[in-house]
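Trainee: here is a sequence with its predicted model. Questions after.
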Amino acid sequence: MDIICFPFERVVEINALILSTEPGMKGAVDIPKLQGALSRIDNAIVYQGLDDVFEIAAKYTACIAVSHACPDANKRTGLAVALEYLSLNDYEITEDNELLANAIRDLVLQEITETDFADILYAQYLKGL
């Protein structure tokens, strides 16, 4: 399986797009902090054998959301990156934004795990088939 890794520049673009179309505090992204967050995903892939696309998407969501590298919209950015990551791997999720918004909130609050979030993403993918 070829793993698609997100460059930090694309995450910055996604965050800028979100903040240009939705409410949120504008400002500079903390690039070193963002790179550190993204390196956690790369390390999990390389050193822990993480190879499930839904678990990788969940890890992107969690790492970006909790890193607070973006001036605002960290959770929205993490979710958007996860959905784009899944789309690039031919898994489209277009259903139930409210469920995903609630799930990412629960993920950040540690009320659910990354594995739970991955399961939610997978279930949403199956609903769209």
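Mentor: Received it, and whenever you're ready, just let me know what you need. Numbers count the residues shown, from 1 in each chain.

Trainee: so Ala65 sits right up against Ala73, yeah?
Mentor: No: using Cβ atoms under 8 Å, Ala65 is not in contact with Ala73; the gap is 9.8 Å. From N, CA and C alone the C-beta is placed, and that goes for glycine too.

Trainee: tell me where the longest helix sits in this structure.
Mentor: When the chain is parsed with DSSP state H, its longest helix is helix 31-47.

Trainee: who's in contact with the closest residue to Ser67 other than its chain neighbours?
Mentor: What sits nearest to Ser67 in space, not counting adjacent residues and going by Cβ to Cβ, 6 or more residues apart in numbering, is Ala37, at 3.7 Å. The neighbours of Ala37, taking Cβ atoms under 8 Å, 6 or more residues apart in numbering as the test, are 63-64, 66-67, 69.

Trainee: can you tell me which of those residues are in strands?
Mentor: The strands, defined by DSSP state E, take in nothing from the contacts of Ala37.

Trainee: the residue nearest to Ser67 and Leu121, how far apart?
Mentor: 19 Å (Cβ to Cβ, to the nearest Å).

Trainee: could you do Leu79 as well?
Mentor: To Leu121, Leu79 is 10 Å away according to Cβ to Cβ.

Trainee: those two: which is more packed in?
Mentor: For Leu79 and Leu121, the more surrounded residue by other Cβ atoms under 10 Å is Leu79, and the numbers stand at 27 against 24.

Trainee: before we move on, back to that, can I have the buried ones of the contacts of Ala37 as a ChimeraX selection?
Mentor: To isolate the buried members of the contacts of Ala37 in ChimeraX, using 16 or more other Cβ atoms under 10 Å:
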select :63,64,67,69
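
Trainee: okay, the contacts of Ala37 in JSON lines with distance to Glu114 and pLDDT next?
Mentor: Below are those laid out as JSON lines (distance: Cβ to Cβ, whole Å; pLDDT from 0 to 100):
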{"residue": "Cys63", "distance to Glu114": "9", "pLDDT": "97"}
{"residue": "Ile64", "distance to Glu114": "12", "pLDDT": "97"}
{"residue": "Val66", "distance to Glu114": "11", "pLDDT": "96"}
{"residue": "Ser67", "distance to Glu114": "14", "pLDDT": "96"}
{"residue": "Ala69", "distance to Glu114": "18", "pLDDT": "97"}
